[in-house]
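# pasting a predicted model and its sequence here:
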Amino acid sequence: MDLTITSSAEKFIKRMVNFSGMGAGAGFRLSVSPGGCSGLASEFSVEAAALPGDAVVEIQGMRLFLPAESRILLQGVTMDFAETPTSSGFVFQDPKSTGCGTCGSSAPAGASSNNEVSVASIHRPTQN
């Protein structure tokens with residue numbers, strides 16, 4: 001898979017997996033969908049194992065659990081993690097992005113999309 005993960009995104013993902021307490025087989029599940037005029041919206045969780053339909057992708061020593069649509073949308077993308085005093089989130093830089101054309105404005109190719117990390121999007125699966 002052609003997905004580049006910056007060191008700051010790698011640090012965030014590894015921290016989330018390590019602090020989950022789920023053990024060595026755990027992974028970072030990233031679900032990506034089109035969002036806004038030029039970006040990607042994301043939801044994530046740490047899971048003990050991949051969910052049905054997820055592919056297990058190993059990148060830079062990390063286990064990512066990616067649904068089919070996410071794998072397609074992330075192809076060729078650079079994923080970063082940015083923190084500011086008011087927000088933090090993933091930033092996706094997609095050289096293929098040209099805007100959707102429905103709002104009368106479009107972003108230039110390579111525009112990034114910043115998706116805030118909501119505490120509500122971080123959850124532990126229930127254990128039986």
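All right, it came through fine.

# for the residue lying closest to Gly61 once chain neighbours are set aside, which three-state class applies?
In this structure, Gly61 finds its nearest non-sequential neighbour in Lys14, 8.0 Å apart by C-beta to C-beta, 6 or more residues apart in numbering. Just so you know, the C-beta spots here come from the backbone N, C-alpha and C atoms, and that holds for glycine as well. Look at Lys14: counting by DSSP: H, G, I helix; E, B strand; the rest coil, its state is helix.

# Lys14 reaches Met62, doesn't it?
Yes. Look at Lys14 against Met62 with C-beta atoms under 8 Å: they come within range, at 6.4 Å.

# so how far is Asp94 from the residue nearest to Gly61?
Remark: distance between Lys14 and Asp94 (C-beta to C-beta, to the nearest Å) = 23 Å.

# of the two, who's got more company?
Using other C-beta atoms under 10 Å, the more surrounded residue of Lys14 and Asp94 is Asp94, with 22 against 14.

# export stretch 91-98 to CSV, keeping only CA atoms.
Provided in CSV are the C-alpha atoms of stretch 91-98 (Å, rounded to 0.1, in the frame of the first residue of the first chain):
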residue,chain,number,x,y,z
VAL,A,91,-3.9,16.0,8.4
PHE,A,92,-4.2,14.2,5.0
GLN,A,93,-2.2,15.4,2.1
ASP,A,94,-3.6,13.9,-1.1
PRO,A,95,-1.9,14.9,-4.4
LYS,A,96,-4.9,13.6,-6.3
SER,A,97,-7.4,16.0,-4.5
THR,A,98,-8.8,18.7,-6.7
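
# now that stretch: mean pLDDT?
For stretch 91-98, mean pLDDT rounds to 80.
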